[in-house]
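*Asks:* got a structure for you, letters missing:
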């Protein structure tokens with residue numbers, strides 16, 4: 001009887017260890033992968049929904065976003081910051097990283113288009129109706145993205161150059177480190193007007209769009225994305241990039257004012 005009890009105990013222990021081993025093996029096999037996405041500040045709001053939707057359908061992949069001006073993010077990548085995907089607000093930064101051999105060239109996709117707009121605080125105290133009017137006496141400060149690193153600032157300079165008023169605009173300009181900073185200055189009334197993306201203006205009821213950039217006054221505002229060549233999780237990164245170019249993601253982008261490129 002004692003021998004039988006010992007055999008039962010031994011058998012139970014063996015079954016327990018086998019089950020635990022199988023559980024550990026399964027856990028290891030389904031190990032969660034984390035990918036880091038450096039994305040333009042103008043994508044901040046939509047990326048929250050993209051993250052929730054993608055992770056729901058891909059529970060083995062966790063997304064971590066870091067937002068900033070596309071130029072600053074480009075510099076981070078060049079300096080070796082951990083990153084798997086770069087989602088830029090302009091082609092300039094993607095092209096530069098491509099030329100430096102830092103991107104998986106086959107992964108590069110131009111996904112979205114945006115528009116450049118002139119915004120004023122709600123109520124439009126300056127009474128502006130057009131980009132060409134920002135040099136008038138009713139405007140003391142114009143909020144712009146720093147053209148050295150902020151694509152929205154670069155597009156704004158193109159518009160004002162086309163209109164022949166860039167030098168006068170610069171005398172009134174206050175430059176922000178990213179487009180959301182520019183938007184916040186107009187929201188608070190610290191700036192009389194500012195140049196941002198249409199999608200940024202759609203996120204708040206504290207500003208009004210008074211004009212879209214005149215047709216042909218600046219390059220198309222395109223948003224490309226790519227997998228970083230040094231990514232340690234290229235398969236997961238590519239899976240997320242494929243999701244961004246799909247129909248489900250496009251519905252979310254359109255919800256926030258973007259259009260397919």
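*Replies:* Received, thanks. Source: prediction; values computed, not measured.

*Asks:* so who does residue 256 touch?
*Replies:* 45, 46, 199, 202, 203 (Cβ atoms under 8 Å, 6 or more residues apart in numbering). For every residue, glycine as well, the C-beta is placed using N, CA and C.

*Asks:* Show me the helices in the stretch 1-150 of the chain, by range?
*Replies:* 2-29, 44-57, 70-78, 91-99 (DSSP state H, counting those that start in this stretch).

*Asks:* and those helices, which one is worst for confidence?
*Replies:* For the helices of the stretch 1-150 of the chain, mean pLDDT drops lowest on helix 2-29, to a mean of 42.

*Asks:* so where's the stretch 51-200 of the chain uncertain?
*Replies:* By pLDDT under 70, the stretch 51-200 of the chain has no low-scoring segment.

*Asks:* quick one, strands of it?
*Replies:* Assigned by DSSP state E, counting those that start in this stretch, the strands in the stretch 51-200 of the chain fall at 61-68, 85-87, 109-114, 116-121, 142-145, 173-176, 193-197.

*Asks:* Packed most tightly, which of the ones you listed would that be?
*Replies:* The highest average neighbour count among those, using mean count of other Cβ atoms under 10 Å, belongs to strand 193-197 at a mean of 30.

*Asks:* Direction included, what does that one pair against?
*Replies:* strand 116-121 (antiparallel), strand 142-145 (parallel) (DSSP bridges).

*Asks:* Would you mind putting these into CSV with distance to residue 221 alongside?
*Replies:* Output for the strands paired with strand 193-197, formatted as CSV (distance: least, Cβ to Cβ, whole Å):
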stretch, distance to residue 221
strand 116-121, 6
strand 142-145, 12
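
*Asks:* That's all I had, so thanks and see you.
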